[in-house]
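Peer 1: heads up, no residue letters with this:
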């Protein structure tokens, strides 16, 4: 080494002195503790090895010895004797560095904690985004930190209006009539180490909308009558249904966070447990990590699993339930945070598919197929960061709840770490609305760009335990590209055909399907897709910004598909309605998410019943129009109470029918209108404030 080594006893004393000086400078709590000391009074022969234990928090910090990565904490290393530099580092923390001289047989440890130097990140969301004077504005603040967020503050025009413990906060801001102009909303987040971040957002408040006055011109040939209130009539099923078991005590974690604002009696959330028959696959999973994203995933040792002839057994899952007057939503945080059940309370029907068992199928994103798996549990899942069903469909997720008089928001997220892609989804159930919004958010805190796939996948049956032949899929007419199919009479993978009619079949009707088929829309020029079950009378629409998230996929198995025990024990079927920013699952449609960037949007899901079908929808109205000769069948259901006027215009603008309406989600409108010509028809719905809620023209 070119110099005489220090005796062991003297070296250890010098090491402790240096380590103490370093701690004083960096604030890192570090000790270097020898397991065995040997007093030496002669030269030390430089042969053999020594052992060092690096036990520095947080876990998974990278340990570098002499500049080379050797693993993550906690870590035990065997090193050759002599001088070594040890560095412990992790993104968001101040690194720890030590210089050591190790002697033969020596056992030494480095202990301590890295100092958190990374401030939180913070986001502010206002609903509505473009408020008007006199309106109520909901402000949602969400913060993230590599350790934990201690508290949040919210300021409006220089005045602190809210201070909340934790990482989420909600505030109800009632704008006075004279609030027209610009306002500043500012939020500040503190983490446990005292790091602080501040975010300001300027809000432009517009003037109130003018009141619209309309002159009624009712037609003597038309009669308005609301349909009677639907009655509860559950669909008969021979399948066992999951049963609720009340939880004996509140769950200790994760914490449910509510704002101090009062919650209406109809807007409630609570925790319980859900017992579902589950196959014992968990003991045959092993963990790997996709280094591109830092995200762990699990492979299934299917050969070992199936060698046991597995049978399902009841398993209890934590369930979070939120509900208002019209909808009840159930989430299963332990199964990928999925939205598991959605009950449309006016009819008591579930819009989602409910698999009676949790069973690992062979489908999914992993290769080889012997280690692939996916859970067709039902409900709505979050598929990321790769194609198909992604990595996180069956992993435990974190969650919190924000409850105000304006509604309830469930926030679900997969991880808090800064060294991996992170995903969050906010599902909001507004008060007095028969609809819910979904706001996904994919965050890339990594130093490099990442190619990603991000989809929402809803598994649906619309009020039945299985997919019925009379289910109608409502997609825009035009070209679609085949993802896969077992029907040899259809176009093959990556080939295009025209939806809905192909080869003499109307594929919008499930009765005309044969084998499985998955298709991607090529030009989703309208902002909604949906489906309607003509047997149960239940439908659903997905309203989304098609320019921002053009990806739409439809998949179903087909009536002739014969391998249903692959994913279930009850011979049930369902269809999948996918949505996301990618146009397809193929690599050429991956999205490049830059370092430090995020991907987010908001969409609305709106169930409805008993209007005869679906022709058009937005986030307020689901509309069905069927023209036959000189008569028009009109069905209409609203997602929230509406008072206003509805009118039908024919030809060049003559109103042939107009009626004052007082609509609620419980009572859909159904009307037959006599027509005077075969010209173009236009239907409008305007509320009392003059806001146009619906303006739809029926094709000739």
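Peer 2: That came through fine. Just so it is clear, the model here is predicted, and its values are computed rather than measured.
Peer 1: contacts only, for the closest residue to residue 519 other than its chain neighbours.
Peer 2: Excluding the flanking residues, the one nearest residue 519 by C-beta to C-beta, 6 or more residues apart in numbering is residue 480, at 4.2 Å. All C-beta spots, glycine's among them, are computed from the backbone N, C-alpha and C. Applying C-beta atoms under 8 Å, 6 or more residues apart in numbering, we find residue 480 in contact with 496, 497, 498, 499, 519, 520, 521, 522.
Peer 1: out of the residues you listed, which one has the lowest pLDDT?
Peer 2: Ranked by pLDDT, those bottom out at residue 522 (86).
Peer 1: just give the nearest non-adjacent residue to it, would you?
Peer 2: Excluding the flanking residues, the one nearest residue 522 by C-beta to C-beta, 6+ apart is residue 479, at 4.3 Å.
Peer 1: rewinding a little: do you know the pLDDT at the residue nearest to residue 519?
Peer 2: For residue 480, the pLDDT comes out at 95.
Peer 1: quick check, it in a strand?
Peer 2: Yes. Counting by DSSP: H, G, I helix; E, B strand; the rest coil, residue 480 is part of a strand.
Peer 1: quick one: it from residue 584, how far?
Peer 2: Separation of residue 480 from residue 584 (C-beta to C-beta, to the nearest Å): 11 Å.
Peer 1: overlap in contacts of the two?
Peer 2: With C-beta under 8 Å, 6+ apart, residue 480 and residue 584 have common neighbours residue 520.
Peer 1: quick check, residue 391 in contact with residue 295.
Peer 2: Yes. Judged on C-beta atoms under 8 Å, residue 391 makes contact with residue 295 at a distance of 5.7 Å.
Peer 1: okay, and the common contacts of these two?
Peer 2: Common contact partners of residue 391 and residue 295 (C-beta under 8 Å, 6+ apart): residue 385.
Peer 1: let me see the contact set for residue 685.
Peer 2: Applying C-beta under 8 Å, 6+ apart, the residues near residue 685 are 621, 636, 642, 644, 645, 646, 661, 692, 693, 694.
Peer 1: inside strands: which ones of those residues?
Peer 2: Under the assignment DSSP state E, these contribute 621, 636, 642, 644, 645, 646, 661, 692, 693, 694 to strands.
Peer 1: ok, for the second one, nearest residue in space, not its chain neighbours?
Peer 2: Sequence neighbours aside, residue 669 is the residue nearest to residue 636 in space, at 4.5 Å (criterion: C-beta to C-beta, 6+ apart).
Peer 1: correct me, but that neighbour touches residue 663?
Peer 2: Yes. Taking contacts as C-beta under 8 Å, residue 669 lies within contact range of residue 663: 6.3 Å.
Peer 1: just put the ones in strands among the contacts of residue 685 in TSV and tack on neighbour count, pLDDT and distance to residue 588.
Peer 2: Output for the ones in strands among the contacts of residue 685, formatted as TSV (neighbours: other C-beta atoms under 10 Å; pLDDT from 0 to 100; distance: C-beta to C-beta, whole Å):
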residue	neighbour count	pLDDT	distance to residue 588
621	23	96	37
636	22	95	41
642	22	93	44
644	21	92	47
645	17	92	49
646	23	93	46
661	17	89	48
692	11	93	40
693	18	94	39
694	20	94	38
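Peer 1: quick check: bridge partners of the residue nearest to the spatial centre of the chain?
Peer 2: Centroid-nearest residue in the chain: residue 425, 3.5 Å away (criterion: C-alpha atoms, centre = their mean). In this entry, residue 425 is beta-bridged to residue 412, residue 440, by DSSP bridges.
Peer 1: pLDDT score for it?
Peer 2: pLDDT, read off for residue 425, is 97.
Peer 1: who touches it in this structure?
Peer 2: With C-beta under 8 Å, 6+ apart, residue 425 has these contacts: 337, 382, 411, 412, 413, 438, 439, 440, 441.
Peer 1: residue contacts, residue 542?
Peer 2: Here residue 542 is in contact with 458, 528, 529, 530, 577, 579, 603, 604, 605 (C-beta under 8 Å, 6+ apart).
Peer 1: specify the local secondary structure of the first one.
Peer 2: If I follow you right, that is residue 458. What three-state DSSP gives for residue 458 is strand.
Peer 1: hey, what's it bridged with?
Peer 2: With DSSP bridges as the rule, residue 458 is bridged to residue 380, residue 577.
Peer 1: burial count for it?
Peer 2: Neighbourhood size, residue 458 [other C-beta atoms under 10 Å]: 24.
Peer 1: confidence score at residue 507?
Peer 2: 96.
Peer 1: quick one: residues contacting it.
Peer 2: Residue 507 neighbours (C-beta under 8 Å, 6+ apart): 473, 499, 500, 501, 513, 517.
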